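> build me a model from this:
(2 chains)
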Amino acid sequence: METIVFSLLNGTIYGLLLFMLSSGLTLIFSMMGVLNFAHASFYMLGAYFAYTISGSTSYWIALFLAPVIVGVVGMGVERWGLRRVHANGHVAELLFTFGLAYMIDEIVKIVWGRTSVNYEVPELLDFPLFTLYGAQYPAYRIFILFVAIFMLAALWYLLKRTRAGLIIQAALTHPHMVGHLGHNVPQIFMLVFGAGCALAGLAGVIGGNYLITDPAMAVQMGPIVFVVVVVGGLGSLEGAFIAAMLIGLLQTSAISVNASLADIFGFLGLSPTSEVGEITIASMAPMLPFLLLVLMLIVRPTGLMGDREV
Amino acid sequence: MTDATTQMQALAPSSSEKFRQRVLPFILFALVLIVIPFLGPSRSTITLLNHMGINIVFALSFNMLLGRAGLLSFGHAVYMGLGGYFCVHILNWISAAEGGIWANTPVFSLPIFGFAMGALAGAIIGWPSCKRAGTPFAMISLGVAELMAAAGFMFDSLFGGEMGISGDRMSGPEFLGLSLGPVDEVYWFIAFWTFIGTLGIYAFTRTPLGKLSEATRDNRERVQFVGYNPERVRYLVFIFAGAFAGMAGGMSAVQDEIFTPEKLSLIPSGFVLIMAYVGGIRYFSGPIMGAILLTYMASYLSDYSAGWLLYLGLMFIAVVMFAPNGIAGIVFGFWNAIRSPDPARQVGRFGSQVLGVLLMLAGVIVIVEVAFRASEGYGEMFEPFGIAMPPDAIMTWVVAAVFLAAGIAVMRYVAKRNAEV
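Next comes the predicted model:
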């Protein structure tokens, strides 16, 4: 029971972080058809910017300023990078973001060093909020939960209840028609790209001190974000949300399961000392998202909630 | 009717053209491979050349997918890795064998086994992944690569855990009097299989299947109308690409005598993508040039500068943005410029572009090197040609900015002149 409650709580927080990262990527991917390889790099930039800003001023300024800076960087990348490459097709765009991810990794290593930086939870939130089954639960995790839910609500309101959201939604499925109606589609692309990067940056700001801030964080997070987007389905934020929560819960609960394959398949005669039998469910946790990805693409290429094929 | 046939014949390449375009490059390639050892290269140069040979076959096999069939794979190292692992296991079987098949198998023949293993892996993994093209294919290959790399660290008896599995290339019967002990004997082994691999992949592009893969890349529906199944074409090409990658794995197993699970991961898969693309995926020789350049950079530039990965990323982005046909595109563009009716002007344009790139490169190098030394904090100074460039002096950054600005100005000027013509 104890494990289940903690897994649920931690899984929800991890899932919400994943959703914050992947919501921007879903928007970008469905609108422009570009699977942005560098998306997780913007997440990393968010964490590092927040580390630097909160070091010289305060965490609360960083919470607002870092995502904005990341968003501006993202807009610049779209304006002067992606738009140029666009004429050469989707593969060239994909490769451009691939190279960009490579470069951001290296630049981060130059500026902030190769080892992890000490990006700390703000003092105001650095206390145990409540005690559950004798274990203390840090307040900062609940703060992440609230920021994520607030962002979720804001995003939902923006997309479903405002005029700008209406245009973005239209551009998701019918970019040409939106262009014919007199909207500046490249500018919409740039703004959405920037906003998506800013969301990733925000995830970095609040996730960087919860997880760890080091130059490898983009490489670790990047493929999982892809999985969320593809499993959720093209053009569907709802799908991305479900997929993010699913993967968050799946991974967190798998880590806390100590059983090995022999315990589960022992009735089939799998010996606990054999190589396959020794594998624990916990050690398979990092593989689960990719298993889900491959299966999903083969069985249902539109994803959970998507209306188009990837 | 007779008119039509004569015109058709005139369209086909003459036999001298065929010889010049298809046979002559391979004769030259073989001659280069044979002449190199007589120039007396050092041991480290030979090791570098061996790695180049391996990467040439690997990059060419990758380009069977990306350049020819239009399939972007993020997991091509899986096939090289599986082929290579199989070959390291065979190495161990050969040295442990008392009699039977393995005792009579020369190590020289290992790439054949790698080829078979790569084909088998391609046939198994390709069956689900080739159902789709485009981005889903890329995503499946990414997922498969992650899964295989994770599995590599899990099954110790197959992949040897973090230590990997090593073998001894000097075991088993000798072939053509090569003991494969010293690297210069390994060179002949690598040279032979590099040539065979290159020839085999070129021959594949001339087969009906090779032509169909290009047709499927360009217009899938039309291929369907003509009566072929694009899914099956993709699948068959995928198997062959996996097979040649496995062959490169076999070559690597003999050269390095060790394989670790990292060779299955996304890092070598990304590296081969960069090799092929920087070289130029539209030309057959592109990946060869890319493999030679990047292997050289990986082993020599990494000694000179800690920031070599940054240069690699910059070069890749520059190629994607400004030279989508890669190095091969630049080389053949220059060749055509020399042979054009007005070579002086063309070459002049080319020269000014090269000047612009070099100026920009100088600026970038100053920035990167100074920044790297400053961030490492050992107090080391960047001193090109004995000129000290401290990170806290304004002059350093002014110099870098001037170089960058001059390079950009030259490039813009050339682009403007081109637009006017």
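> helix or strand for B:H89, which one?
Element membership of B:H89 [criterion: DSSP states H and E] is helix B:77-96.
> is that helix positioned near chain A?
No - Helix B:77-96 lies out of reach of chain A by C-beta under 8 Å from any C-beta of the partner chain, never closer than 12.6 Å. For every residue, glycine as well, the C-beta is placed using N, CA and C.
> buried ones in that helix?
By 16 or more other C-beta atoms under 10 Å in any protein chain shown, the buried positions in helix B:77-96 come out as B:77-95.
> same check on stretch B:349-360?
Going by neighbour count (16+ other C-beta under 10 Å), the buried part of stretch B:349-360 is B:350, B:353, B:356-357, B:359-360.
> can you list contacts of that stretch?
B:333-334, B:337, B:403-404, B:406-411, B:413-414, B:417-418 (C-beta atoms under 8 Å, 6 or more residues apart in numbering or on different chains).
> filter the residues you listed down to the buried ones and hand me the PyMOL line.
Those of the contacts of stretch B:349-360 that count as buried under 16+ other C-beta under 10 Å are selected in PyMOL with:
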select buried, chain B and resi 337+403+404+406+407+410+411+414
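> which among the contacts of stretch B:349-360 gets closest to B:E174?
Nearest to B:E174 among the contacts of stretch B:349-360: B:F334, at 45.2 Å, using C-beta to C-beta.
> in a strand, A:H183, correct?
No - read with DSSP: H, G, I helix; E, B strand; the rest coil, A:H183 is coil and lies in no strand.
> mind listing what it touches?
With contact taken as C-beta under 8 Å, 6+ apart, A:H183 is in contact with A:167, A:171.
> quick revisit: helices or strands next to the helix holding B:H89 in the packing?
Using 3 or more C-beta pairs under 8 Å, 6 or more residues apart in numbering or on different chains; DSSP states H and E as the contact test, the elements touching helix B:77-96 are helix B:100-103, helix B:110-129, helix B:134-154, strand B:165-166, helix B:230-256, strand B:258-259, helix B:266-279.
> out of those, which one sits most buried?
Comparing the helices and strands packed on helix B:77-96 by mean neighbour count (mean count of other C-beta atoms under 10 Å in any protein chain shown), helix B:230-256 ranks first with a mean of 26.
> angle of that helix against helix B:110-129?
Between the axes of helix B:230-256 and helix B:110-129, defined by axes from the mean of the first three to the mean of the last three C-alpha atoms, to 10 degrees, the angle is 150 degrees.
> near chain A, which residues of the stretch 1-150 of chain B? Just list them.
Counting by C-beta under 8 Å from any C-beta, the stretch 1-150 of chain B sits next to chain A at B:66, B:70, B:72, B:128-129, B:131-132, B:134-136, B:138-140, B:142-144, B:146-147, B:150.
> same thing but 7 Å
Where the stretch 1-150 of chain B comes near chain A, counting by C-beta under 7 Å from any C-beta of the partner chain, the residues are B:72, B:128, B:131-132, B:135-136, B:139-140, B:142-144, B:146-147, B:150.
> got a markdown table for these, with distance to A:P223 and pLDDT too?
What follows is the residues of the stretch 1-150 of chain B next to chain A, written out as a markdown table (distance: C-beta to C-beta, whole Å; pLDDT from 0 to 100):
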| residue | distance to A:P223 | pLDDT |
| --- | --- | --- |
| B:L72 | 15 | 88 |
| B:P128 | 18 | 82 |
| B:K131 | 21 | 80 |
| B:R132 | 18 | 77 |
| B:T135 | 14 | 78 |
| B:P136 | 15 | 80 |
| B:M139 | 10 | 83 |
| B:I140 | 12 | 84 |
| B:L142 | 6 | 86 |
| B:G143 | 8 | 86 |
| B:V144 | 12 | 87 |
| B:E146 | 6 | 85 |
| B:L147 | 11 | 87 |
| B:A150 | 11 | 83 |
